[in-house]
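> A structural model of the following input is requested.
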Amino acid sequence: RRLVPTSSHVIEYQPILILQCSPDLIADPAMRKSEGHEPRMLLESLEEGKVVWREDVGADDGQWYDVGMVIGEIVEDDEEEGDVEEWTWQAYLDEPDE
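Take a look at the predicted model:
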């Protein structure tokens, strides 16, 4: 689920997307709550600029995305269109500790 609309200005470490992950994303089975545990992850931007989402990202809450899939771009205010650097993400588990 997108937390900011496309063309929004974001700052570093701003939460921008919540994803539900497949069980195999947590490599150590001992860290999973159950065999079918699908944790939610909160994605943050590591760059400041304008978010430009791919049109199909976040549009359908039931859609699955491959790890490493490009989900959009962050364009710095002083960059010209077409001069976009690779988008860097950081994700954290978004579940309360029990």
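> any idea which element the residue lying closest to H9 once chain neighbours are set aside lies in?
Distance criterion Cβ to Cβ, 6 or more residues apart in numbering; nearest residue to H9, sequence neighbours excluded, is K50 at 5.7 Å. No exception for glycine: its C-beta is placed from N, CA and C like everyone else's. If you go by DSSP states H and E, K50 is part of strand 49-53.
> now E73
strand 72-75.
> what's the model's confidence in that strand, averaged?
In this model, strand 72-75 has a mean pLDDT of 83.
> ok, R32 touching L25?
No: the criterion here is Cβ atoms under 8 Å, and R32 misses it with L25 at 9.6 Å.
> roughly how far does the spatially most central residue of the chain sit from V10?
Centroid check for the chain by Cα atoms, centre = their mean gives L43 as the closest residue, at 3.9 Å. L43 is 11 Å from V10, where distance means Cβ to Cβ, to the nearest Å.
> residues that sit against both of those two, list them.
Counting by Cβ atoms under 8 Å, 6 or more residues apart in numbering, the residues touching both L43 and V10 are I16.
> quick one on the thing from earlier: how about the strand holding E73 as CSV, C-alpha atoms only?
The C-alpha trace of strand 72-75 is given here as CSV (Å, rounded to 0.1, in the frame of the first residue of the first chain):
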residue,chain,number,x,y,z
GLY,A,72,9.5,3.7,-9.0
GLU,A,73,12.0,6.5,-9.0
ILE,A,74,12.9,9.4,-6.8
VAL,A,75,13.8,12.5,-8.8
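> perfect, I'm done here.
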